[in-house]
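Undergrad: return a 3D structure for these sequence lines:
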Amino acid sequence: MSRLDSLNLTAAGSDSAARWTVDDYHQMIQAGILVDRRVELLNGVIVEMSPEGEPHAYYRRTAAKYLEQRLGEQVEVLQASPITIPGSSSEPEPDVAVVQPLGREYLQHHPYPENIFWLIEYSNSSLRRDRGIKAQIYAAAGIQEYWLMNLQAKRPSLIVMRDPVNGLYQARATYTDGLISPLAFPSIQLSLQQLLD
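TA: Here you go, the predicted model:
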């Protein structure tokens, strides 16, 4: 984790930090202030994202392809694209977002929580943030399911978080192999090997 990332994480929990709204953030993007910066807005704080290494990029791409093959036109699978969480001053960029296929409506806005089936983060250097503040933001927004791929473990594992209540996921389970069905598509079984290999 970079020093700037660490400071931003500290600031994200601090009352003394300058807070930005989603509208402020969009104005900065439109003005070119954040050009060539890999950042996301978390609880009103602009947080610098870690550079994406080859394994992280590989897993993200292959998972997105696999999900598109398995789920077809029922969904749109976004990679490293913003989602907007109104009211929380957050616009994170999860590695994979499985969302409703709303077509041109997304010209007007990024996916909102009600458009999201589930989110996936592949975590190595960002594990602390993805397991902490991001999980809280997603749960507080009512996103029903959040998958966290832990790439730090000796054997990569999938942490499945469900049942958001008062900003926390009540159900958490860890898997290293087998099949799993997302809540939104209970009849579809996904291979962990495909998502983690």
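Undergrad: gap between the residue nearest in space to the middle of the chain and Thr176?
TA: By C-alpha atoms, centre = their mean, the chain has its centre lying nearest to Pro94, at 2.6 Å. According to C-beta to C-beta, to the nearest Å, Pro94 and Thr176 sit 22 Å apart. (Glycine included, C-beta is placed from N, CA and C.)
Undergrad: related to what we said a few turns ago, check which helix or strand the closest residue to the residue nearest to the centre of the chain other than its chain neighbours maps to.
TA: Leaving aside its sequence neighbours, Pro94 sits nearest to Leu119 (C-beta to C-beta, 6 or more residues apart in numbering; 4.4 Å). According to DSSP states H and E, Leu119 maps onto strand 116-123.
Undergrad: can you spell out which helices and strands pack onto the next helix-or-strand element following that strand?
TA: As assigned by DSSP H and E, the chain's next helix or strand after strand 116-123 is helix 127-129. When contacts are defined as 3 or more C-beta pairs under 8 Å, 6 or more residues apart in numbering; DSSP states H and E, helix 127-129 packs onto helix 3-12.
Undergrad: next structured bit after the helix it packs on?
TA: Using DSSP H and E, the first helix or strand after helix 3-12 is helix 22-30.
Undergrad: bridged to Arg172, which residues?
TA: Arg172 has the following beta-bridge partners by DSSP bridges: Met161.
Undergrad: read off the pLDDT value for it.
TA: You'll see Arg172 listed with a pLDDT of 96.
Undergrad: one more: the one 4 residues further on?
TA: pLDDT, the model's per-residue confidence, is 91 for Thr176.
Undergrad: can you tell me which residues contact it?
TA: Thr176 makes contact with Arg155, Pro156, Ser157, Leu158, Leu192, Leu196, according to C-beta atoms under 8 Å, 6 or more residues apart in numbering.
Undergrad: I'd like to know which of these are buried.
TA: Pro156, Ser157, Leu158, Leu192, Leu196 (16 or more other C-beta atoms under 10 Å).
Undergrad: please tabulate those residues in TSV, including the columns secondary structure and distance to Ile33.
TA: Formatted as TSV, these follow (DSSP: H, G, I helix; E, B strand; the rest coil; distance: C-beta to C-beta, whole Å):
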residue	secondary structure	distance to Ile33
Pro156	coil	36
Ser157	strand	38
Leu158	strand	36
Leu192	helix	40
Leu196	helix	37
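Undergrad: what would these look like in a markdown table with distance to Ala139?
TA: Output for the buried ones among the contacts of Thr176, formatted as a markdown table (distance: C-beta to C-beta, whole Å):
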| residue | distance to Ala139 |
| --- | --- |
| Pro156 | 23 |
| Ser157 | 20 |
| Leu158 | 17 |
| Leu192 | 22 |
| Leu196 | 23 |
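Undergrad: next secondary structure element downstream of the helix or strand hosting Leu67?
TA: Assessed by DSSP H and E, Leu67 sits inside helix 54-71. Reading on from helix 54-71 to the C-terminus, the next helix or strand found by DSSP H and E is strand 76-79.
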